[in-house]
Every structure is written in C-alpha cells, then in structure tokens.
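Undergrad: any chance you could fold what I've pasted below:
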Amino acid sequence: MKRILFPTDFSEAATNAFGHALAFAKKIQGELILLHSYPVLPMDDQFFPENFKMVYDTVELTEFDMFKEEVPKLHTFATACNLDKIKMTHRLMEGDLIENIKKCVAEDEIDFVVMGTSGVTDWDAVFVGSNSGDVIIGIAAPVLCVPLGAKYKPIKTIGFTTRYRDKDKKAISTVLDFAKLINATVKCLYVKTSDSDVSTATIEEWKIEFKRQPIEFFMVESEESNTAVLDFIGDKNIDVLTMLTYKRGFFKGLFQPSYTKKEHPEFHIPILAIHID
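TA: Got it, this is the predicted structure:
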C-alpha cells in the first residue's frame, strides 16, 4: 500500500490540500500519515533556570491540545467527502518542519508528500522562502504542492517541460509511474527558442524510447518560454504541472503574478515537484 505524508498546520490552505490528499489516497488505495510539526521553543534554560520547564511544558501541552482539537475536524471533513474509509495515522513532532518531513519520509517509507501552499500571489510563495519551497528542494519523495486557489478535480493530464537533457529521463519515469497510478496521461512540452541546441534526432530518440508509455511530446517555437508554457497549460487542459527542482529558477519566473492572475487567471493548479540532483 502506498503511503502519503500530509504535513498540516491546520490552516485554510492545508485543509484545501487535505481534500486533494484524500482523493489521491482513494485513487491509489493508499494510506495517509498526517504530520503536525511545531518548532522547538527558542529559549535557553540557563537564563530561565526556575521556570523553563514550566514554560516548555505549557507550550508542548498547548500544541497537543490543538492537535487533539483539530484532528477530529479533519476526520469530519473526510466523512463529509465520503472518504472516511481511508486509513489515517497521525504524528505530532517537535522540531524543524523540513527535518521532520525528511524523518517521516525515511521512517514511514513515504511514497508521496501532499501539502498546501498559500500567499498573496499563491504560487509565488513557493519561491520566496516558504515552507513549501524548502520542502520541494530537500525531499526525495515526489511532492504534490496544492495552492489555496486549486479546487480538487480528477487528475487526467500531467504537464512536463523539458529541454531533452539526459537527467530529465529519470524524472519522466517518476512522473509516468505517478500517472499510471491514477490513470492519467503525460504531455511533454519543449519550447524551442532561437538559441536552442536540441537536435531533431534527439527528440525522435526520446519518442521511440517512450513510445509504449502514456506520454505525448509537443514542441512550440517561441522566444517567450513563460508564455508558451502557460498557453500550453490552458490549451492542453493540464491538471498538474511537473517541476524539476534543478529548474527552480525557471519556474520562479514562470509564476509571476502578472501571468498567473491577469493573463492566466485559471492557473491555480497543483505542482508535482521532483527532486533531481
């Protein structure tokens, strides 16, 4: 059974992402592990020798009480969605969020991470030091990041951008495994600019290598890569866009508020982040 880690701070963005996590778990007949992480109290006991333990215990108890209060709400949410049969376990952990996620991924043999992101510009939050941005860089398991504006719908088409580099093949294989689990197809886009160095022979080799897989390859000639990708998302009805972590700089430019809100107001879709060294 596949295991899905769902880190939550019980915010609106997290609750929205929880709906996606539940539906994903049902689709792949997986189980959810809910993680709530809270930071270590930033105090030095040498300066508070008398009341340090009391303060620390109070903070710990407060987090535990919130956890006990909020978790049943998630179960109620699952019941309302008729998804209460999905196996769910819970972890309350003190410490750094990223380190706790890494620990869970290793100890619980996590296959996927699903988490929400929010911010004034939704996806821009991923690239300006948010928790989601740190997670997609540091976690080996694929991470499905769900912006607050993304309402759940079945994933039928997954977008993938490439420049036909060798290391993209490993990522494509990971995405294809994900797609097969949910009966989706992958649509791969190459934006050819005036300084592109990819040969026709290379493109044909890739098509032959993946010809028995649920993937289609597309090429668009354009000097505006951002616009080409966003047009591709709309034209091909992309439900989830794949982001390779080594291309983070490109995606930072892609998710500009002027694009995502004005020219492409429909662009509130999840991102499947794949870590590639």
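Undergrad: shaky segments in the stretch 51-200 of the chain?
TA: Applying pLDDT under 70 to the stretch 51-200 of the chain picks out residues 51-65, 119-138.
Undergrad: what about the strands in it?
TA: For the stretch 51-200 of the chain, applying DSSP state E, counting those that start in this stretch gives strands covering 88-94, 112-117, 143-147, 157-161, 185-192.
Undergrad: so what does the longest one touch, helix or strand wise?
TA: Looking back up the chat, that one is strand 185-192. For strand 185-192, the packing partners by 3 or more Cβ pairs under 8 Å, 6 or more residues apart in numbering; DSSP states H and E come out as strand 157-161, helix 166-181, strand 215-221, helix 225-235. In this view, the C-beta of every residue, glycine as well, is placed from N, C-alpha and C.
Undergrad: winner for burial among those?
TA: Scoring these by mean neighbour count under mean count of other Cβ atoms under 10 Å gives strand 157-161 as the most buried, with a mean of 22.
Undergrad: show residues contacting that one.
TA: With Cβ atoms under 8 Å, 6 or more residues apart in numbering as the contact definition, strand 157-161 has outside contacts at 171-172, 175, 178-179, 184-191, 215, 229, 232-233, 236-242, 247, 272.
Undergrad: returning to that earlier point: now the helices and strands packed on strand 185-192 as CSV including distance to residue 140?
TA: Formatted as CSV, the helices and strands packed on strand 185-192 follow (distance: least, Cβ to Cβ, whole Å):
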stretch, distance to residue 140
strand 157-161, 19
helix 166-181, 11
strand 215-221, 23
helix 225-235, 26
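Undergrad: the closest residue to residue 109 other than its chain neighbours bridge partners, please.
TA: Distances taken as Cβ to Cβ, 6 or more residues apart in numbering place residue 3 nearest to residue 109, at 6.1 Å, with adjacent residues excluded. Beta bridges link residue 3 to residue 31, judged by DSSP bridges.
Undergrad: in stretch 11-20, what's buried?
TA: For stretch 11-20, burial by neighbour count (16 or more other Cβ atoms under 10 Å) applies to 13-20.
Undergrad: restricting to C-alpha, output that stretch in PDB.
TA: Taking C-alpha atoms only, stretch 11-20 is exported to PDB below (Å, rounded to 0.1, in the frame of the first residue of the first chain):
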ATOM      1  CA  SER A  11      -4.700  26.400   8.100                       C
ATOM      2  CA  GLU A  12      -7.200  27.000   5.300                       C
ATOM      3  CA  ALA A  13      -4.500  26.200   2.700                       C
ATOM      4  CA  ALA A  14      -3.800  22.900   4.500                       C
ATOM      5  CA  THR A  15      -7.400  22.000   4.700                       C
ATOM      6  CA  ASN A  16      -7.900  22.600   1.000                       C
ATOM      7  CA  ALA A  17      -4.800  20.400   0.200                       C
ATOM      8  CA  PHE A  18      -6.300  17.700   2.500                       C
ATOM      9  CA  GLY A  19      -9.200  17.200   0.100                       C
ATOM     10  CA  HIS A  20      -6.600  16.600  -2.700                       C
END
